[in-house]
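S.K.: Just the structure for this:
(one chain, ligands or ions: 2)
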Amino acid sequence: MEYPKDVIESVLVTNEEIQSKLDELCARINKDYDGKELLVVCILKGAVCVFADVLRRITIPCNIDFMVVSSYGSSSTSSGVVRILKDLDHGIEGKNVLIVEDIVDSGKSMSYLMANLRTRHPASVKLLTLLDKPDRRQVELKADYYGFIIPDEFVVGYGLDYAEQYRNLPDVCVLSPKVYAEN
Ligand code: IMP
Ligand code: MG
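M.R.: Ligands and ions are numbered 1, 2, ... in the order given. Coordinates of the predicted model:
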């Protein structure tokens, strides 16, 4: 898709590339969890698009649930302390939990959240992230399933926001520096 140049500098991952990557990842997931039941957890709001696209590719029995988390600190640096603004509706004891996240940056949010969920005695906790910025990692964290390794650039679209905007763009895009300059 074509975007206005003053807003979007470039398209980093197209929706088409995302869809074919999710075919691949979800084929692996369906195989890895064969004979089991899955609880697929969407981390709102950023993961909304990838979650919906993953869910429609899951062929094994599954339930879904949602969490809203927010990390303390400024928007550009993650403190590692995650505030759970909305917790899961049900307990996860004995369940196979697959977390679906938009992007892993410092890794602090997901490492905190996965440790928190593990205290609830699930059968397993795994992480799928669409995007991974390993250059920015501050704690050791490896996603079990990841879509794309991306460079240290701030991206928007396909659920990801800048100041709550641009989540509706179908592709993952690099925001124009002009947009930051205005704020
Ligand atoms: P971290 O891994 O704890 O540093 O934080 C990851 C969270 O920061 C993600 O869930 C996003 O909400 C946000 N984030 C990190 N990088 C970006 C980006 O490039 N665009 C939009 N949000 C981002
Ligand atoms: Mg997020």
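
S.K.: Could you look up the SS state of the closest residue to ligand 2 within the chain?
M.R.: Among the residues of the chain, residue 46 lies nearest to ligand 2; the distance is 3.5 Å by Cβ to the ion. For the C-beta atoms, the positions are set from N, CA and C on the backbone; glycine is no exception. Secondary structure, DSSP: H, G, I helix; E, B strand; the rest coil: residue 46 is coil.

S.K.: quick one: contacts for it?
M.R.: Applying Cβ atoms under 8 Å, 6 or more residues apart in numbering to residue 46 gives the contacts 101-103, 159-161, 167.

S.K.: And stretch 28-35, what's buried?
M.R.: For stretch 28-35, the neighbour count (16 or more other Cβ atoms under 10 Å) marks 29, 32-33 as buried.

S.K.: out of the contacts of residue 46, which is most surrounded?
M.R.: The most crowded member of the contacts of residue 46, judged by other Cβ atoms under 10 Å, is residue 102 (26 neighbours).

S.K.: would that residue count as being in a strand?
M.R.: Yes. Counting by three-state DSSP, residue 102 is found in a strand.

S.K.: these two touch, right, it and residue 160?
M.R.: Yes. The criterion here is Cβ atoms under 8 Å, and residue 102 meets it with residue 160 at 5.5 Å.

S.K.: Show me whatever sits in contact with both of those two.
M.R.: Counting by Cβ under 8 Å, 6+ apart, the residues touching both residue 102 and residue 160 are 46, 131.

S.K.: What residues does this structure have near ligand 2?
M.R.: 46, 102 (Cβ under 5 Å from the ion).

S.K.: From residue 142, how far off is residue 160?
M.R.: 21 Å (Cβ to Cβ, to the nearest Å).

S.K.: typed the wrong thing, it's residue 113
M.R.: Remark: distance between residue 113 and residue 142 (Cβ to Cβ) = 15 Å.

S.K.: Name the spans of this protein whose pLDDT lies under the cut-off.
M.R.: Scanning the chain for pLDDT under 70 picks out the ranges 72-80, 183.

S.K.: same thing but at 80, please
M.R.: Applying pLDDT under 80 to the chain flags residues 71-81, 180-183.

S.K.: For residue 37, grab the count of nearby residues.
M.R.: For residue 37, the neighbour count with other Cβ under 10 Å is 13.
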